[in-house]
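S.K.: Kindly return the folded structure for what I paste below:
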Amino acid sequence: MRGAGAPDFFYREAQRLGYLARSAFKLLQIQKQYKLITLGSSVLDLGCAPGAWLQVSCQSLGPLKNGGSVVEQKVKVPPLHCDARQKGFSVILSDMCPPVSGITTKDAALSAELGMQAVDLAIGRAALAHSDGDTKRDGQSDSDCGADDNGLLQAGGHLNLAGFANHSSERHHG
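M.R.: Numbers count the residues shown, from 1 in each chain. Alright, predicted model coming up:
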């Protein structure tokens, strides 16, 4: 919705097409341009609320007989259950955004931290060590899901952080 006024075009179109939120169109555009999700992909959707990206992911996988799968992760789960297939994910999506406080610097910092946690989960801490030298995050333990050195993203896989650094109520295409 646009401000406090009437619902915008994408809000109305999402309702008409049965999507849970207008954010579905963001992933549809990303999918149209980059074709991240292909038949048989294994997709991890971080955050997954309200679920519009989950809907688009499932549509993009095609019929069930093609063997693709989508896993949603809304909460921390033990490492044993992060990836039952033991081979990682070909696509990891994140459109997470923290609750907006209205304090720009605080919101930007929280958004950046969410993005870094998604990167940690996807590529692992060993890869991050090459870029920032600090692989520990406050409040994280080595037993957190995806906290090992390998990460959950398959080699050659796709990581999309569309929500990264989006700290205003109006989201930007990412």
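S.K.: Which stretches in this structure count as helices?
M.R.: Under the criterion DSSP state H, the chain contains helices at 9-17, 24-34, 52-61, 104-132.
S.K.: can you give me the angle the second one makes with helix 52-61?
M.R.: With axes from the mean of the first three to the mean of the last three C-alpha atoms, to 10 degrees as the criterion, the two stretches helix 24-34 and helix 52-61 enclose an angle of 40 degrees.
S.K.: buried ones in helix 24-34?
M.R.: The neighbour-count check on helix 24-34 (16 or more other C-beta atoms under 10 Å) flags A24, F25, K26, L27, L28, I30, Q31 as buried. C-betas here are computed from N, CA, C, even on glycine.
S.K.: same check, this time on stretch 50-63
M.R.: In stretch 50-63, counting by 16+ other C-beta under 10 Å, buried: G51, A52, W53, L54, Q55, V56, S57, C58, S60, L61.
S.K.: Cross-check the contact I'm expecting between the fifth one and Y19.
M.R.: Put plainly, it is Q55. Yes. Here Q55 reaches Y19: they are 5.8 Å apart, a contact under C-beta atoms under 8 Å.
S.K.: Looking only at residue counts, what's the top strand in the protein?
M.R.: In the chain, with assignment by DSSP state E, the single longest strand is strand 153-161.
S.K.: Can you tell me the strand partners of that one and which way each runs?
M.R.: Take DSSP bridges as the rule and strand 153-161 pairs in its sheet with strand 89-94 (parallel).
S.K.: got a list of contacts for the strand it pairs with?
M.R.: For strand 89-94, contacts defined as C-beta atoms under 8 Å, 6 or more residues apart in numbering pick out 27, 36-38, 41-47, 53, 57, 71, 83, 114-115, 118, 121-122, 152-154, 156-164.
S.K.: hmm, which of those residues are the buried ones?
M.R.: Counted by 16+ other C-beta under 10 Å, the contacts of strand 89-94 give 27, 36-37, 41-47, 53, 57, 71, 83, 114-115, 118, 121-122, 152-154, 157-164 as buried.
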